[in-house]
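# The following block contains a protein sequence and its predicted model.
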Amino acid sequence: MKQLLFSGVLFISVGACGQASPAATASQTTDKGVTITINYSQPSVKGRTIGKDLEPMEGKVWRTGANKATVFEINKDVKVEDKALKAGKYGLFTLVNKGVWTVIFSNKWDQWGAFNYTDADDALRVEVKGKKAKAFSEKMTFTIDKDGKVALTWGDELLEFKVK
């Protein structure tokens, strides 16, 4: 009976965790014909402080989402913040240092979190200054404009970078 009860609690806990950060997709075909797709899991703030209770935002590589690493996919060669990136799938990671975000496109896109991240797998790194979001976003959300501007909002954080 004790073993059965424990199994039930474990099942409920795992199920609740899976629902805590649901899967999401942002996709857009730009005016230049580039299709940008971002597959990610959406962590929620839930009254916690980003960078303290959630995801250390200073000096540590983050999977830029929850669960599996966020996947950034493009169908054509592009420039991200004026730096070349070839068509393909990439793990999207970020690193924040004093308000400057390093956006990392890793060749290793199929992995859990950032546990196996290594900079040896980087295809590209670009730096952009973070901003304060206009409105609080409970769930981490990516949006992509027709002009190729990618935006991540979460809590009061706003990260934007340009894909052309």
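Done, it's in. Model, not experiment: these values are computed from the prediction. Numbers count the residues shown, from 1 in each chain.
# Could I get the contacting residues of Gly59?
Gly59 is in contact with Leu95, Val96, Asn97, counting by Cβ atoms under 8 Å, 6 or more residues apart in numbering. Every C-beta, even on glycine, is put in place using the N, C-alpha and C of the backbone.
# mind listing which of those are in strands?
Mapping those onto strands (DSSP state E) picks out Leu95, Val96, Asn97.
# Now a PyMOL select for only the buried ones of those.
Only the buried members of the ones in strands among the contacts of Gly59 end up in this PyMOL selection, burial being decided by 16 or more other Cβ atoms under 10 Å:
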select buried, resi 95+96
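# which one of the ones in strands among the contacts of Gly59 is nearest Leu152?
Of all the ones in strands among the contacts of Gly59, Leu152 sits closest to Val96, with 11.5 Å by Cβ to Cβ.
# ok, what's across the strand from that closest one?
Under the criterion DSSP bridges, Val96 forms beta bridges with Trp101.
# Quick one: the strands in this structure, in order.
23-29, 35-41, 70-74, 78-80, 83-85, 88-97, 100-106, 122-129, 131-144, 149-162.
# Would you mind telling me which of those is nearest Ile50?
strand 149-162 (4.6 Å).
# Which positions within that closest one qualify as buried?
So for strand 149-162, counting by 16+ other Cβ under 10 Å, buried means Val150, Ala151, Leu152, Thr153, Trp154, Gly155, Glu157, Leu158, Leu159, Glu160, Phe161, Lys162.
# list the contacts for the closest residue to the fourth one other than its chain neighbours?
Closest residue to Thr153 in three dimensions, ignoring its sequence neighbours and counting by Cβ to Cβ, 6 or more residues apart in numbering: Ser137, at 4.2 Å. Remark: with contacts taken as Cβ under 8 Å, 6+ apart, Ser137 is in contact with Thr153, Trp154, Gly155.
# if you set the cut-off to 10 Å instead, what comes out?
Gln42, Ser44, Val45, Leu152, Thr153, Trp154, Gly155, Asp156, Glu157, Leu158 (Cβ atoms under 10 Å, 6 or more residues apart in numbering).
# which strand residues sit across from it in the sheet?
With DSSP bridges as the rule, Ser137 is bridged to Gly155.
# Now tabulate the contacts of Ser137 in TSV and tack on pLDDT and distance to Lys79.
As requested, those are exported to TSV (pLDDT from 0 to 100; distance: Cβ to Cβ, whole Å):
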residue	pLDDT	distance to Lys79
Gln42	94	28
Ser44	84	33
Val45	82	33
Leu152	96	19
Thr153	95	23
Trp154	90	25
Gly155	89	29
Asp156	90	29
Glu157	90	24
Leu158	96	22
